[in-house]
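Student: 3D, please:
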Amino acid sequence: MKRIVWLVAALIGLASCSPEIYTYYLDVRRPSDSGLDLARKSMALVYMDGDVPADTAFNRSMASSLARALEEDYFGGEEVIGIYRIPKADSLSLDMMHSLVMDTGEDVIFLITSALGEPVMETNQEVHNARSVDSAYVCPAQVPLNTALYIYDSMGDDVVRRFNGNTVLRPLVYNSGITPAENLKDKARLATAGGEAEKVGERISQRFISNWQTESFSFYYYDDSHSEQWIDAIASTMDGKFAAAIDAWAPFLQGNDDRQRACACYNMALAFYMMGDTGLSARWLENANNLYPDLVLIPGLQRRIEARMENSDKSQ
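Tutor: A predicted model of the protein is given here:
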């Protein structure tokens, strides 16, 4: 989550013993367009050998490009996604993905396999001011590509998801002008392993990077002798230190004021919600409701919890 701005809302009541509301806004990470929630999960990129060296080279470059895009989104650009090569397999099974999880030690496996088709060579054109004899001519090419991406999330459902795609790559083949036609085609296939493969990896990554949504989060606090403790706990949630916030609110559960105890329960419910634990969130919200059902923020958090649980059920 990324903090954007925070503000203090109006008082709930006029009495000094009444709770107040503290609201701030965050950019919250949401699942990607693929429907996969990859946040807080480790990943590995695996590519298969192809039928020919050009296929393998393309898969390797595409995997590197996809890994960089995922690292930028989920890990702040830190190079933490390992890239592995495996022999070509005639078929892919769930057992294979289980093995890759065990071998790599990562939560999510992306497996890439591609096949380059027969290149179509266009007109060979002379290059003015060429730097060498071998690059005196350039021949645009069209190379068909069929690619498949298999994804297995060991933290989710025990299924392998498959994404297929096809396109036509357009590499430029530099040559001497007397290179045989078949050699030009071989060069065209190998040329795709550069910028063309990186572009494909970047395009594919757009389906798996996070969506972001701005949400508001409202907490209760008391402007009394313990106000600093309430506010510091809220500040901890802004920094993602949810355990520290929950520990700070816990002592207020021991008091005699049911409304104050309910406010602490509500805050803990919201903290668990922000952590992604809807079960504990619902439990603490129920505690708040039992102690003091008139807290105005309870219904809103209840709706959010129910909506998240419903969306989770639909994705399974």
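Student: From now on I want contacts and neighbour counts done on CA atoms only, so please keep to that.
Tutor: OK.
Student: Which stretches in this structure count as helices?
Tutor: 53-74, 94-104, 181-191, 195-205, 227-238, 242-249, 258-275, 278-291, 298-315 (DSSP state H).
Student: Quick check: which ranges of this protein have low pLDDT?
Tutor: Low-confidence regions of the chain, defined by pLDDT under 70, span residues 1-16, 312-316.
Student: how is it carved up into domains?
Tutor: Per automatic domain parsing, the structural domains of the chain span 2-31+219-315, 43-205.
Student: Could I get those domains in CSV, plus columns for mean neighbour count?
Tutor: Shown next, in CSV, are these (neighbours: other CA atoms under 10 Å):
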stretch, mean neighbour count
domain 2-31+219-315, 17
domain 43-205, 17
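Student: Including distance to Asn211, could those go into a markdown table?
Tutor: As requested, the domains of the chain are arranged in a markdown table below (distance: least, CA to CA, whole Å):
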| stretch | distance to Asn211 |
| --- | --- |
| domain 2-31+219-315 | 5 |
| domain 43-205 | 10 |
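Student: for this protein, longest strand please?
Tutor: Secondary structure of the chain per DSSP state E: the longest strand is strand 137-153.
Student: helices or strands up against it?
Tutor: Using 3 or more CA pairs under 8 Å, 6 or more residues apart in numbering; DSSP states H and E, the elements in contact with strand 137-153 are strand 108-116, strand 120-121, strand 125-126, strand 160-169, strand 172-175, helix 181-191.
Student: and of the ones you listed, who's closest to Phe252?
Tutor: For the helices and strands packed on strand 137-153, proximity to Phe252 was assessed by CA to CA; strand 108-116 is nearest, at 40.2 Å.
Student: Name the strands paired with the closest one and say parallel or antiparallel.
Tutor: Paired neighbours of strand 108-116 in the sheet (DSSP bridges): strand 43-48 (parallel), strand 137-153 (antiparallel).
Student: can you redo those strands as a markdown table with distance to Ser114?
Tutor: Shown next, in a markdown table, are those (distance: least, CA to CA, whole Å):
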| stretch | distance to Ser114 |
| --- | --- |
| strand 43-48 | 8 |
| strand 137-153 | 4 |
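Student: Thr123: which of the ones you listed is closest?
Tutor: strand 137-153 (6.0 Å).
Student: Find out how far that closest one is from the centre of the chain, if you would.
Tutor: How far strand 137-153 lies from its chain's middle: 24 Å, per CA atoms, centre = their mean, to the nearest Å.
Student: residues touching the residue nearest to Arg189 when sequence neighbours are not counted, list them.
Tutor: Counting by CA to CA, 6 or more residues apart in numbering, Arg189 lies nearest to Ala54, which is 5.7 Å off, once chain neighbours are set aside. Residues near Ala54 by CA atoms under 8 Å, 6 or more residues apart in numbering: 116, 189-190, 193.
Student: separation between the residue nearest to Val133 when sequence neighbours are not counted and Cys263?
Tutor: The spatially closest residue to Val133, leaving aside those adjacent along the chain, is Ser176, at 5.6 Å (CA to CA, 6+ apart). Distance, Ser176 to Cys263, using CA to CA, to the nearest Å: 77 Å.
Student: and what of Asn129?
Tutor: Asn129 is 76 Å from Cys263, by CA to CA.
Student: next one: Asn59
Tutor: For Asn59, the distance to Cys263 - CA to CA - is 54 Å.
Student: Pretty sure Arg259 sits against Leu291.
Tutor: Yes - if you go by CA atoms under 8 Å, Arg259 and Leu291 touch, sitting 6.8 Å apart.
Student: residues in contact with the closest residue in space to Ile246 that isn't next to it in sequence?
Tutor: Nearest residue to Ile246 in three dimensions, chain neighbours excluded: Met268, at 5.7 Å (CA to CA, 6+ apart). Shown in contact with Met268 (CA under 8 Å, 6+ apart): 245-246, 249, 281, 284.
Student: partner residues bridging Leu111?
Tutor: Val46, Tyr150.
Student: what sits against it?
Tutor: Here Leu111 is in contact with 45-48, 149-151 (CA under 8 Å, 6+ apart).
Student: Just list the residues touching Ala264, thanks.
Tutor: Counting by CA under 8 Å, 6+ apart, Ala264 touches 220, 249-250, 252-253, 288.
Student: With Arg308 instead?
Tutor: Thr278.
Student: Roughly how far does it sit from Leu301?
Tutor: 11 Å.
Student: What of Ser65?
Tutor: Distance from Ser65 to Leu301, by CA to CA: 40 Å.
Student: cool, Gln125 as well?
Tutor: 66 Å.
Student: And for Tyr74?
Tutor: The value you get for Tyr74 to Leu301, if CA to CA is used, is 27 Å.
Student: what do you get for Ala57?
Tutor: Relative to Leu301, and taking CA to CA, Ala57 is found at 50 Å.
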